[in-house]
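Visitor: what follows is a predicted structure for the sequence shown.
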Amino acid sequence: MRRASESKAGQEFTHTHWSEIEAVHTTTPQRRDAVLENLCRRYWKPVYCYLRARGFQEAEALDIAQDFFLEVVLGRHLFRKADRERGRFRAYLLHCLKNFVRARHRAARARNRSPTRPLVSINGWIKPEDSGYQPSAIGMSPEDIFHRKWAAAMLEQVIDRLRSSCRKSGLEAHFTIFRDRFIRPALERAEPASLESLAERFGLTAKQVSNRGETIRRRFRKLLLEEVRLTVTDEATAGEELRLLMSQFR
């Protein structure tokens, strides 16, 4: 009999992206489409920004990104060959994208191909102006940009969940303190708001401000780890991914 701790560790990874991929073959069409759309919504930004960094102009990068999701992701070619043992969904998606770009170069007719029945309409939510692509990202390879945008997309998911959780718990001030002390400095290269300025703003002592920020930071880290676990298959890899994720914003 397995120990309780081992059972719990296995359960933590029951609902990863890999398990959703496997379920695509057996679930209802409605559930399948929802899973695929969710994955595409999460990860179109790193795909699009990788293509721009490869030298494609906006219109062509958008065209390739849409074809990639329609033909490879939504067309389920990605999922037929998906192998959980690869471990990191991030690395597998990038591998598939590189292969798709190479195949597109070899077949000029690729641009004119499209699935006979697109599973999900993507035109409404792939928006280059929302991608955050910076053409002046000096010294960063297309792969570096993909990984950074992957990290940004994951953080965006977590921040949205954290904001909603704090709102429901009546902790809006806590969230604002955490945002101004930790999030904006990390994502926007802004100076962290001082304890004194936040204390004056919310009528608190500096220590109270610090405690509120730490409370939300712990909640943030827990949510972030949950998000990371969706993309891997074991705890050791989750820890590695979390460290890599945080290194993108130092």
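Guide: Looks like it came in fine.

Visitor: excluding covalently adjacent residues, which one is nearest to Pro46?
Guide: The shortest distance from Pro46 to any non-neighbouring residue, by Cβ to Cβ, 6 or more residues apart in numbering, is to Lys149 (3.7 Å). The C-beta positions use only the backbone N, C-alpha and C, and glycine is treated the same way.

Visitor: count the neighbours of that neighbour for me.
Guide: Lys149 is flanked by 23 other residues according to other Cβ atoms under 10 Å.

Visitor: residues of the strand or helix carrying Ala103 that come out buried?
Guide: Following DSSP states H and E, one finds Ala103 within helix 89-106. By 16 or more other Cβ atoms under 10 Å, the buried positions in helix 89-106 come out as 89-90, 92-94, 96-97, 100-101, 104.

Visitor: quick revisit: so which elements touch whichever helix or strand the residue nearest to Pro46 is part of?
Guide: Secondary structure assignment for Lys149, by DSSP H and E: helix 142-168. Secondary structure elements in contact with helix 142-168, counted by 3 or more Cβ pairs under 8 Å, 6 or more residues apart in numbering; DSSP states H and E, are helix 29-53, helix 89-106, helix 172-178, helix 206-229, helix 235-247.

Visitor: nearest to Val72 among those helices would be which one?
Guide: Among those, the nearest to Val72 by Cβ to Cβ is helix 89-106 (5.5 Å).

Visitor: could I get the closest one in CSV with only the CA atoms?
Guide: The C-alpha coordinates for helix 89-106 follow below in CSV (Å, rounded to 0.1, in the frame of the first residue of the first chain):
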residue,chain,number,x,y,z
PHE,A,89,4.8,21.3,-21.7
ARG,A,90,6.6,24.6,-22.4
ALA,A,91,9.6,22.8,-24.1
TYR,A,92,7.3,20.5,-26.0
LEU,A,93,5.2,23.4,-27.4
LEU,A,94,8.4,25.3,-28.5
HIS,A,95,9.7,22.1,-30.2
CYS,A,96,6.4,21.7,-32.1
LEU,A,97,6.5,25.4,-33.1
LYS,A,98,10.0,25.1,-34.5
ASN,A,99,9.0,22.1,-36.5
PHE,A,100,6.0,23.9,-37.8
VAL,A,101,8.0,26.9,-39.0
ARG,A,102,10.5,24.6,-40.7
ALA,A,103,7.8,22.7,-42.5
ARG,A,104,6.2,25.9,-43.6
HIS,A,105,9.4,27.0,-45.2
ARG,A,106,9.6,23.7,-47.0
